[in-house]
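**Student:** The following block contains a protein sequence and its predicted model.
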Amino acid sequence: MSAEDGDLARRHDRHRRHADPGREGARGVGARRIVAYAVHPVLSGPAVERIQSSNIEEVVVTDTIPLRENALKCRKITTLSVAKIFGEAIRRIHSADSLSTLFV
């Protein structure tokens, strides 16, 4: 974790399971805002409660797996849809177009 952008610390995790915000703390590296990102937000156990009580301002997740009710109600969690990019990937595969250029 670093605060390279001056006031925004970013922590990228492919899988966010227990939502342990980390013991080192982004505030300790000079961040004024903390935003976390998770592609597959499992958010099991006390994850949502940890997010809610943490100093993380926002957790941005995708809708690749359904969120539990308490995660849907959490104001700190923002969900982004993958429908458009998945649809385009399926179209490209079906028409034998390049899939890699979709992600470059």
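**Tutor:** Cool, got the structure.
**Student:** immediately after the lowest-mean-pLDDT helix or strand in the chain, which helix or strand?
**Tutor:** Ranking every helix and strand in the chain by mean pLDDT, DSSP states H and E puts strand 8-15 at the bottom, with a mean of 52. Using DSSP states H and E, the helix or strand that follows strand 8-15 in sequence is strand 33-40.
**Student:** For that following strand, name the packing helices and strands.
**Tutor:** If contacts are counted by 3 or more C-beta pairs under 8 Å, 6 or more residues apart in numbering; DSSP states H and E, strand 33-40 sits against strand 8-15, strand 58-62. In short, each C-beta sits where N, CA and C put it, glycine included.
**Student:** Report the inter-axis angle for the longest helix seen in the chain versus strand 58-62.
**Tutor:** Looking across the chain with DSSP state H, the single longest helix is helix 83-94. Per axes from the mean of the first three to the mean of the last three C-alpha atoms, to 10 degrees, the angle that helix 83-94 makes with strand 58-62 is 30 degrees.
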